[in-house]
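In: predicted structure and sequence below. I'll ask about it afterward.
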Amino acid sequence: MSVSSLRRFRAAVATAAVLTAALGVGTSAAHADTAPTTPTQTRLQEPRDLLRALEFDSLAADGWTVTDDEEETDSAKETEVVELVAETTPAPPAVTPEELARIVPGIPAEKVEQFIAPLNEAMTRNGIDNPVRQAAFIAQLAVESDSFRTFEEYASGRAYEGRADLGNTHPGDGERYKGRGAIQITGRHNYEKVSEHTGVDFVAHPELLAAPENAFTTAAWYWTSRNLNEVADTAGIVRVSELVNGGHHALGRRIDDFKRGLDVLLQP
């Protein structure tokens, strides 16, 4: 199976709704001043259109069995796609060092080879397994870690002191449990939860969360604990960003990185 055909297959399992969400459409109830946005209409309104747009005919040449009977109902076509995915879906290709460098142009060259393996392992283990999810995940990590330059927040953390919503109820918790890891996990409560999940005592040793061997594992924990695979699949990059960041900080950058990720990961 060629990389090109496998990339097209990965694209095929993303639904038309996901592709619409990739445009960055989304709102949050937490931001009442943001006017609701009407999703942009695309030509991918019918399952038949999605099949044509994603070049299923070309997949057949690579060994995929796909019929194209125009008399079939849309329901039958959807069932056919689901069965094809369930029976023959291969493991998704890992993101290559070259792809990561293109998705995150600001990543230091020496960091690419250092981080590509733990990044791929974290995605594989946590179901971040299609281009939409991977592009959304990498986009969030790129912003939170300043293009993978740091796994520890630049600020001191004093701004989090006394934040009961973060579990910072002890003196000094703000600085002790400031943002760390590839997704900048913040607050005593989150440090306690990720410690339970990984078995590493980040509460007693918060600095360990910034170690490269832990940075991606903990980022994936945060991602799955908030069900962000499903959010990426259905609600779009804006909603993903709101759940990661709690607001719209660097939203334009997150959207741009996400779109760049899709361009790279979906190309033949």
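Out: Right, received. Where do you want to start? Numbers count the residues shown, from 1 in each chain.
In: give me the neighbour count for residue 160.
Out: Per other CB atoms under 10 Å, the neighbour tally for residue 160 reads 23. All C-beta atoms are positioned from the backbone trio N, CA, C, and that covers glycine.
In: list the contacts for it?
Out: By CB atoms under 8 Å, 6 or more residues apart in numbering, the residues touching residue 160 are 166, 168, 173, 174, 175, 177, 178, 186, 187.
In: how about 10 Å then?
Out: Taking CB atoms under 10 Å, 6 or more residues apart in numbering, we find residue 160 in contact with 153, 166-168, 173-179, 186-188.
In: any chance of CSV for those residues, columns secondary structure, distance to residue 201 and neighbour count?
Out: Listed next are those as CSV, based on DSSP: H, G, I helix; E, B strand; the rest coil; distance: CB to CB, whole Å; neighbours: other CB atoms under 10 Å:
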residue, secondary structure, distance to residue 201, neighbour count
153, coil, 20, 20
166, helix, 18, 18
167, coil, 16, 18
168, coil, 18, 24
173, helix, 16, 22
174, helix, 20, 21
175, helix, 18, 15
176, helix, 13, 18
177, coil, 13, 27
178, coil, 17, 24
179, coil, 19, 22
186, coil, 18, 23
187, coil, 16, 22
188, helix, 13, 21
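In: quick check on residue 180: phi, psi?
Out: Here is the backbone geometry of residue 180 (degrees, to the nearest 10): phi -140, psi 160.
In: so it touches residue 152, yeah?
Out: Yes - between residue 180 and residue 152 there is a contact under CB atoms under 10 Å: 5.1 Å.
In: quick check: neighbours shared by those two?
Out: Shared contacts of residue 180 and residue 152 (CB under 10 Å, 6+ apart): 206, 207, 209, 210, 215.
In: neighbour count: residue 180 and residue 152, which is higher?
Out: The neighbour count for residue 180 versus residue 152, taken as other CB under 10 Å, is higher for residue 180 (27 against 17).
In: quick check: bridge partners of the more buried one?
Out: Beta bridges link residue 180 to residue 152, residue 185 when assigned by DSSP bridges.
In: so what's it scoring on pLDDT?
Out: Note for residue 180: predicted pLDDT of 98.
In: wait, what's in contact with it?
Out: Here residue 180 is in contact with 150-153, 157, 186, 190-191, 194, 202, 206-211, 214-215, 218 (CB under 10 Å, 6+ apart).
In: now the buried members of these.
Out: Burial by neighbour count, 16 or more other CB atoms under 10 Å: within the contacts of residue 180 this picks out 150-153, 157, 186, 190-191, 194, 202, 206, 208-210, 214-215, 218.
In: return the subset of these lying in helices.
Out: Counting by DSSP state H, the buried ones among the contacts of residue 180 place 190, 191, 194, 214, 215, 218 in helices.
In: which residue, neighbours along the chain excluded, lies closest to the last one?
Out: In space, not counting the residues next to it along the chain, residue 218 is nearest to residue 181; the distance is 4.4 Å by CB to CB, 6 or more residues apart in numbering.
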